[in-house]
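Engineer: Using only what follows, build the 3D model:
(one chain, ligands or ions: 2)
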Amino acid sequence: MRKKHGEVWERCLKVIKDNIPFQSFKTWFEPIVPVSLEEDVLTIQVPSQFFYEWLEEHYIGLLKKTIKKELGTGGRLEYSVIMDSSYQDSKPYSANYPSNDKRATRNNPVSMPIDLTKSGERDILNPFIIPGLKKIKVESQLVETYSFDNFIEGDCNRLARSAGWAIAENPGKTAFNPLLIYSSVGLGKTHLAHAIGLQVKSNFPEKTVLYVKTDQFINKYIDSVRNNNQNDFIHFYQMIDVLIMDDIQFVAGKEKTQDVFFHIFNHLHQNNRQIVLTSDKPPVELKGMEPRLLSRFKWGLAADLQVPDLETRIAILQKKLYKDGIEMPYEVVEYLAYSITTNIREMEGALISILAQSTLNKKSITLELAKQMIDKFVKNSAREISIDYIQKVVCDYFSLPLEAINSKTRKREIVQARQLAMFFSKKHTKSSLATIGLHCGNKDHATVLHACRTVNNLVETDKRFRIYVEEIDKKLKL
Ligand code: ADP
Ligand code: MG
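Structural biologist: Numbers count the residues shown, from 1 in each chain. Ligands and ions are numbered 1, 2, ... in the order given. Coordinates of the predicted model:
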């Protein structure tokens, strides 16, 4: 009976899998596609020339044995190398097993998967020259203040932070390789990425850590092409133990950079070096990214950073003040944390402005001053919703008379309506906490803060209450 190429390759894979580390198997064997089996020749498709060379260099013995076992002593293996669409001549490689003459087959002329036209540059993708390279000292480009110490932990960042911490304890040896940290702007990606690098350096001073912004990487690559020293460029990166690339989304649409990065990535990964990436989007939303690169990103862990909750925001501000030795009334800190909710960088910006204002004008830092400054940082909502309007909507919703809110009564449903009115006033108006309190039963700002907290807690714990809040919110926006 004729053997099918798929089945034969499957059986080969079983043997191979038992003989090499799982990660290597994933890297170098899973991407292979069996193409055909004619006579005793099994043809497999590999993603690139680099891939082919790597298999030949590292797994030739294992491949030989396996092929022999499956196809007998006359068994041969042929490679078909996928070229980029710009390279049409994807004629298959032929490597004969058993054969002693593998040099001859490797020297077949073949297009490179990247456009490196100058002579000698084939070596660039040849990872085997590295051992001769002298170890040079690499400037890590890490910022000391972006440490784990200064990174406040909260529900919003717990997964990413613990994965980062685990990596720093054991770079390249956890399942988090690569670690991809993603979030929208100003939520701590860069900070956490630096923290991981700093911590690795502190745990393993001998390790080479490099933090690089992706646009820097791109520019350096372009320079290297211009100066005809891509060799050095690639070798430099292949030497790194922990490579941190910030804002990887910038390689979108840049095919050649992606290609080069792909090879660097493979080399590092194969050698159990650690890769940390950040991105402003989850991997699935990264457009203009080569699928083979994207699929690499999914090998490890993609962890997002979310908007921090109020407590975490307050803690972040306090940490910053403490670090800089600045004192500020707690109510101002709380006000800041309340007002700026979606971007930590903006919140810190507001804090700095308040400090600057108070220093320049020799004013003490008060809630009033904070309010004046905050307006500049909070985006104007499209339409102003007034406190009065909010009170009306809330009362209508619960069929309560409008006066109830301003009355002194402590009946449960009225207290709740009042708290909701305060909560929505905080959410939808730019009024100060004191103003809101004044209009909702003549209360002080602390009562308003308490009301907002209570509502937030109930939203999280009480399903029915959450529905109230969502429905009122909808009515307010009509
Ligand atoms: P991103 O890279 O996501 O745009 P950054 O890392 O630049 O965000 O963070 C913006 C600012 O917020 C930085 O000054 C950073 O120190 C601060 N920051 C973010 N998250 C935290 C946190 N969990 N603890 C302390 N500071 C934080
Ligand atoms: Mg950043």
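
Engineer: burial count for the residue of the chain found nearest ligand 1?
Structural biologist: Among all residues of the chain, residue 188 sits closest to ligand 1, at 2.6 Å; criterion: C-beta to the nearest ligand atom. C-beta: built from backbone N, CA, C; applies to glycine. A count of nearby residues for residue 188, using other C-beta atoms under 10 Å, gives 24.

Engineer: Grab the nearest non-local neighbour of it.
Structural biologist: Nearest residue to residue 188, sequence neighbours excluded (C-beta to C-beta, 6 or more residues apart in numbering): residue 305, at 5.3 Å.

Engineer: measure the one you found to residue 316 for me?
Structural biologist: The gap separating residue 305 from residue 316 is 12 Å, by C-beta to C-beta, to the nearest Å.

Engineer: Show me the protein divided up by domain.
Structural biologist: Split into domains by automatic domain parsing, the chain comes to 5-98, 110-304, 310-381, 387-477.

Engineer: export the ones you listed to CSV and tack on mean pLDDT?
Structural biologist: Listed next are the domains of the chain as CSV, based on pLDDT from 0 to 100:
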stretch, mean pLDDT
domain 5-98, 77
domain 110-304, 86
domain 310-381, 86
domain 387-477, 90
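
Engineer: So for stretch 229-245, what gets flagged as buried?
Structural biologist: 230-231, 233-245 (16 or more other C-beta atoms under 10 Å).

Engineer: SS state for the residue of the stretch 1-150 of the chain found nearest ligand 2?
Structural biologist: Nearest residue of the stretch 1-150 of the chain to ligand 2 (C-beta to the ion) works out as residue 146 at 10.1 Å. Put simply, residue 146 is coil when judged by DSSP: H, G, I helix; E, B strand; the rest coil.

Engineer: ok, and the closest non-adjacent residue to it?
Structural biologist: residue 194 (3.4 Å).

Engineer: before we move on, what about residue 389?
Structural biologist: residue 476 (7.6 Å).

Engineer: thinking again about what came up before, quick one: the residue of the stretch 1-150 of the chain closest to ligand 2 from residue 306, how far?
Structural biologist: 19 Å.

Engineer: okay, now the residue of the stretch 1-150 of the chain closest to ligand 2: neighbour count?
Structural biologist: Neighbour tally, residue 146, other C-beta under 10 Å: 20.

Engineer: pretty sure it contacts residue 198?
Structural biologist: Yes - using C-beta atoms under 8 Å, residue 146 is in contact with residue 198, at 7.1 Å.

Engineer: Which SSE is immediately downstream of the helix ranked longest in the chain?
Structural biologist: In the chain, taking DSSP state H as the definition, the longest helix is helix 49-71. Remark: after helix 49-71, the chain's next helix or strand is strand 76-81, criterion DSSP states H and E.

Engineer: Please state the offset of that next one from the chain centre?
Structural biologist: Relative to the chain's own centre, strand 76-81 is displaced by 37 Å; criterion: C-alpha atoms, centre = their mean, to the nearest Å.

Engineer: what is the orientation angle of it with helix 49-71?
Structural biologist: Calculated by axes from the mean of the first three to the mean of the last three C-alpha atoms, to 10 degrees, strand 76-81 forms an angle of 150 degrees with helix 49-71.

Engineer: Please name every helix or strand in contact with strand 76-81.
Structural biologist: strand 41-46, helix 49-71, strand 93-95 (3 or more C-beta pairs under 8 Å, 6 or more residues apart in numbering; DSSP states H and E).

Engineer: who does the first one pair up with?
Structural biologist: Right, the one you point to is strand 41-46. According to DSSP bridges, strand 41-46 forms sheet pairs with strand 33-38 (antiparallel), strand 76-81 (parallel).

Engineer: Which element, helix or strand, includes the residue in the stretch 351-478 of the chain that ligand 2 sits nearest to?
Structural biologist: Residue nearest to ligand 2 within the stretch 351-478 of the chain (C-beta to the ion): residue 352, separated by 17.7 Å. Secondary structure assignment for residue 352, by DSSP H and E: helix 344-360.

Engineer: For that helix, buried residues please.
Structural biologist: So for helix 344-360, counting by 16+ other C-beta under 10 Å, buried means 344, 346, 347, 348, 349, 350, 351, 353, 354, 355, 357, 358.

Engineer: Residue 313 against residue 341, yeah?
Structural biologist: Yes - the pair residue 313 and residue 341 qualifies as a contact (C-beta under 8 Å) at a distance of 7.5 Å.

Engineer: OK, contacts around residue 345?
Structural biologist: 185, 186 (C-beta atoms under 8 Å, 6 or more residues apart in numbering).

Engineer: Distance of it relative to residue 189?
Structural biologist: Taking C-beta to C-beta, one finds residue 345 at 11 Å from residue 189.

Engineer: Over to residue 450?
Structural biologist: 33 Å.

Engineer: if I pick residue 4, what's in contact with it?
Structural biologist: Contacts of residue 4 (C-beta under 8 Å, 6+ apart): residue 37.

Engineer: And it, what's its pLDDT?
Structural biologist: Residue 4 is assigned a predicted lDDT (pLDDT) of 88.

Engineer: What is the burial count for the closest residue to ligand 2 within the stretch 151-300 of the chain?
Structural biologist: For the stretch 151-300 of the chain and ligand 2, the shortest gap (C-beta to the ion) falls at residue 190, measuring 3.2 Å. Neighbours of residue 190 under the rule other C-beta under 10 Å: 20.

Engineer: ok but it is inside a helix, no?
Structural biologist: Yes - counting by three-state DSSP, residue 190 is part of a helix.

Engineer: Return the alpha-carbon coordinates of the one helix or strand residue 468 maps to using CSV.
Structural biologist: Residue 468 belongs to helix 463-477 when elements are defined using DSSP H and E. Taking Å, rounded to 0.1, in the frame of the first residue of the first chain, the C-alpha atoms of helix 463-477 are listed here in CSV:
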residue,chain,number,x,y,z
LYS,A,463,-26.5,42.6,40.2
ARG,A,464,-29.9,44.2,40.6
PHE,A,465,-28.3,47.5,41.7
ARG,A,466,-26.0,47.4,38.8
ILE,A,467,-28.9,47.2,36.4
TYR,A,468,-30.4,50.3,38.1
VAL,A,469,-27.2,52.1,37.5
GLU,A,470,-26.9,51.1,33.9
GLU,A,471,-30.5,52.0,33.2
ILE,A,472,-30.3,55.4,34.8
ASP,A,473,-27.0,56.0,33.0
LYS,A,474,-28.8,55.3,29.7
LYS,A,475,-31.6,57.7,30.5
LEU,A,476,-29.1,60.4,31.4
LYS,A,477,-27.5,60.1,28.0
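
Engineer: Measure how far that helix is from the centre of its chain, please.
Structural biologist: 33 Å.

Engineer: which strands and helices sit next to that helix?
Structural biologist: Short answer (3+ C-beta pairs under 8 Å, 6+ apart): helix 463-477 packs on helix 387-398, helix 412-428, helix 445-461.

Engineer: Need the winner for burial among these.
Structural biologist: helix 412-428 (a mean of 21; mean count of other C-beta atoms under 10 Å).

Engineer: which residues are in contact with it?
Structural biologist: Taking C-beta under 8 Å, 6+ apart as the rule, helix 412-428 contacts 338, 381, 385, 387, 390-391, 393-395, 398, 400, 404-405, 407, 409, 431, 433, 436-437, 439-441, 443, 447-448, 451-452, 454-456, 468-469, 472-473, 476.

Engineer: One more pass at 6 Å, please.
Structural biologist: For helix 412-428, contacts defined as C-beta atoms under 6 Å, 6 or more residues apart in numbering pick out 385, 387, 390-391, 394, 398, 400, 404-405, 436, 440-441, 448, 451-452, 454-455.
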